[in-house]
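Peer 1: Okay, structure incoming, though there's no sequence with it:
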């Protein structure tokens, strides 16, 4: 699942569609990093012959925007100098 940089930093709620079509709302915790794996126990593919379902794994990918406007670049440079990013 792709989320924005700000959603990764601040946290958010997302809807995740399970293999059976069920939508599950889940929270992305503040400070989530690229490649984080979320596990949804017994929400995956059915295990034929056993009647139970496996776990559903969701990888979080952080979308990095392409910045070309000078004003956006200056804004991000000022943000970069904020102590929380050091």
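Peer 2: Yep, it's here. Bear in mind the structure is a predicted one, so any value in this text is a computation, not a measurement.

Peer 1: Mean pLDDT per helix and strand in the protein: which one sits at the bottom?
Peer 2: Counting by mean pLDDT, DSSP states H and E, the chain has its least confident helix or strand at helix 70-80, which shows a mean of 90.

Peer 1: Other residues contacting it?
Peer 2: 67, 85 (Cβ atoms under 8 Å, 6 or more residues apart in numbering). C-betas here are computed from N, CA, C, even on glycine.

Peer 1: where's the residue positioned nearest the centre of the chain relative to residue 32, distance?
Peer 2: Closest to where the C-alpha atoms of the chain average out (Cα atoms, centre = their mean) is residue 60, at 3.7 Å. Counting by Cβ to Cβ, to the nearest Å, the separation of residue 60 from residue 32 is 6 Å.

Peer 1: Give the residues shared as contacts by the two.
Peer 2: In contact with both residue 60 and residue 32: 3, 8, using Cβ under 8 Å, 6+ apart.

Peer 1: which stretches of this protein form helices?
Peer 2: 5-10, 70-80 (DSSP state H).

Peer 1: Now the last one: buried residues?
Peer 2: Looking back up the chat, that one is helix 70-80. Buried residues in helix 70-80, counted by 16 or more other Cβ atoms under 10 Å: none are found.

Peer 1: thinking again about what came up before, if I look at the residue nearest to the centre of the chain, how far off is residue 21?
Peer 2: As judged by Cβ to Cβ, residue 60 and residue 21 stand 21 Å apart.

Peer 1: do the same with residue 85
Peer 2: In this view, residue 85 and residue 21 are 40 Å apart by Cβ to Cβ.

Peer 1: circling back: any idea of the pLDDT on the residue nearest to the centre of the chain?
Peer 2: Reading off the confidence values, residue 60 has pLDDT 98.
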